[in-house]
Structures are given as structure tokens and as C-alpha cells.
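Peer 1: Quick one, fold the following:
(one chain, ligands or ions: 1)
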Amino acid sequence: MNKISIRGTLWIASDIHLGENVPRTAQAFYEFLARARRDADALILCGDIFDAWIGDDHALRRPPAWLAQAIEQLRATAQAIPLWLAHGNRDFLMGPALVQALGARLLTAPTHLDTDAGNILLAHGDEYCTDDVHYQRFRRVVHTPWVQSVFLALPLGLRRAIARGARARSRQARYRKTLRIMDVQPQAIERALREAGCTQMIHGHTHRPAVHDILVDGRAARRYVLPDWECDQADPVRGGWIEVDARGIRLIAQVPPRDPPD
Ligand code: MN
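Peer 2: Presented below is the predicted three-dimensional model:
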């Protein structure tokens with residue numbers, strides 16, 4: 001497990017799903033990044049920052065305009081405050097070349113955070129959806145190092161087609177799955193908290209922002225769920241983040257309001 005220590009005000013966001021067809025979501029997120037550079041001491045983007053990731057080379061060599069802009073925004077943020085990118089279930093192929101180009105750092109697994117609000121277990125969340133047996137099988141395969149190496153060695157066009165196919169299949173499968181199957185599994189959460197020795201947890205992935213009070217071995221614990229970002233299709237728009245500081249952990253489930261012009 002990763003272990004990082006962060007003092008001061010930490011902001012955490014996830015599930016922005018940046019891609020070529022979400023200009024309003026991207027704009028809201030870039031306003032959030034500008035606020036983070038000003039108001040936060042550190043930022044963690046906890047997975048599914050991008051709707052798909054087919055290789056660092058694609059992003060760094062000749063990125064399409066939307067991706068070039070995303071990279072520029074992340075780079076500007078990493079220059080101002082420490083920035084960590086964590087893997088989600090869609091952008092798990094973000095690699096060392098990307099974070100090096102950004103001046104950011106990569107979290108590849110659940111992370112033990114030491115903060116001014118105490119110890120927190122941080123994860124994307126898909127690893128706790130253990131009732132979704134099909135997804136967990138897919139996850140094991142695509143997290144196998146040799147499978148990733150083979151995929152990343154394929155020509156870009158082929159990688160793009162495979163990613164598109166996987167997205168379509170996952171969209172199809174969602175119709176057959178119940179909401180319970182797609183949520184985190186309580187025992188998996190308890191096990192993770194027990195193993196990490198934490199009573200606080202933050203994760204995203206389920207798109208169900210909330211604060212849950214739970215019991216782990218008779219001890220009170222709290223699970224915070226990050227919102228997803230959607231400002232192109234959704235009305236009202238969705239977005240938000242979690243703020244961690246000496247006063248505690250707060251869920252802010254709203255798109256950052258536009259700053260008034262100076
Ligand atoms: Mn996700």
C-alpha cells in the first residue's frame with residue numbers, strides 16, 4: 001500500500017471522465033483546478049480523471065486539442081501545488097511518462113493518507129465492488145503486467161478500437177446489473193479498513209456522493225464517497241470534491257461556482 005503524508009488543506013476529486021466530447025465538464029474542472037492552485041496545499045485526483053487512457057505516448061506525442069488542454073491544466077496545477085494522480089477503472093494505464101511530464105506523482109493502489117484530519121484510506125472504489133464478478137474478472141486481466149505491455153505495444157488505432165469496444169461492452173453490461181451489484185460491497189469495505197487500520201475512508205467510482213457512518217469490528221468508522229463530474233448531459237450539473245484539513249473531512253458536492261470577474 002502507498003503511504004503519503006500531507007499537511008494543510010488537501011483537496012480530493014475523482015470521476016471527471018475527461019474526453020473529447022465533454023467541453024463543459026472540462027471547463028468546470030479547470031475552474032476547480034484554478035481554485036485548488038489558490039486555496040489548497042495539495043490535490044489528489046483519485047481515478048477516472050479520463051474517460052479512457054490508451055497510453056502515455058498517445059497523450060504526450062501528438063495529443064488531440066482537448067487532451068493537450070487537459071495536460072496543460074494538470075501541468076500548471078502540479079507546478080503550483082503537489083499533485084497526485086490515482087488510477088481509476090478507466091484510466092488505469094496512466095503511467096510514469098505522463099506523471100513525469102506533468103511534474104505530478106502516481107498512486108497505483110489504495111493509499112494510506114496521513115493528514116491533519118487523521119489517517120484516511122483512499123481508493124478509487126472499483127476494487128470494492130466485489131459483487132460484480134464479471135467486472136472483477138476483467139479487472140484482474142487488465143491489471144496483469146504482461147497484458148498491459150502487449151496492449152501498449154499495439155498501434156494506436158488498434159488500441160483506440162479495443163478501448164472503444166470495452167467501453168461499449170461495459171455500457172451494455174450496466175443494463176443487466178442491479179444498483180446493488182454496482183455499489184461497493186460492505187464486507188470488502190470493512191476488510192479494507194481493518195487491514196489499513198483506519199476508521200476513515202474516501203473513495204469515488206460509484207457516483208453516489210455521500211457520507212456513511214459504519215461499524216468495523218464494533219468501532220465507529222466513516223466512508224466518504226466522491227461525486228462524479230457531468231456538466232454536458234446532466235441537468236442539474238454534477239461535480240464536487242472533498243476537503244481535508246485540521247477541522248475534519250468535508251464533502252462539497254457541487255461544481256465550483258464561477259468567480260466574479262475582477
Ligand atoms: Mn470509476
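
Peer 1: which one is Arg238 nearest to, not counting chain neighbours?
Peer 2: Of all residues not flanking Arg238 in the chain, Glu230 sits nearest, at 4.6 Å (Cβ to Cβ, 6 or more residues apart in numbering). To be clear about C-beta, it is placed using only N, CA and C from the backbone, and glycine gets the same treatment.

Peer 1: now Gly88
Peer 2: Gly88's closest residue in space is Gly47 (Cβ to Cβ, 6+ apart), at 2.7 Å.

Peer 1: tell me the pLDDT at the one you found?
Peer 2: pLDDT for Gly47: 98.

Peer 1: Residues contacting stretch 232-247, please?
Peer 2: Applying Cβ atoms under 8 Å, 6 or more residues apart in numbering, the contact partners of stretch 232-247 are 6, 8-13, 16, 21-25, 28-29, 32, 40, 113, 115-117, 120, 202, 207, 209, 224, 226-231, 249-256.

Peer 1: Show me which of the residues you listed are buried.
Peer 2: Buried members of the contacts of stretch 232-247, counted by 16 or more other Cβ atoms under 10 Å: 6, 9-13, 16, 22, 25, 28-29, 32, 40, 113, 115, 117, 120, 202, 207, 209, 224, 226-231, 249, 251, 255-256.

Peer 1: Quick check: Asp116 touching Gly8?
Peer 2: Yes. Counting by Cβ atoms under 8 Å, Asp116 touches Gly8, with 6.8 Å between them.

Peer 1: which stretches of this structure form helices?
Peer 2: Assigned by DSSP state H, the chain shows helices spanning 23-39, 56-60, 65-80, 96-102, 133-142, 145-153, 156-176, 186-196.

Peer 1: what's the model's confidence in the fourth one, averaged?
Peer 2: Read it as helix 96-102. 98.
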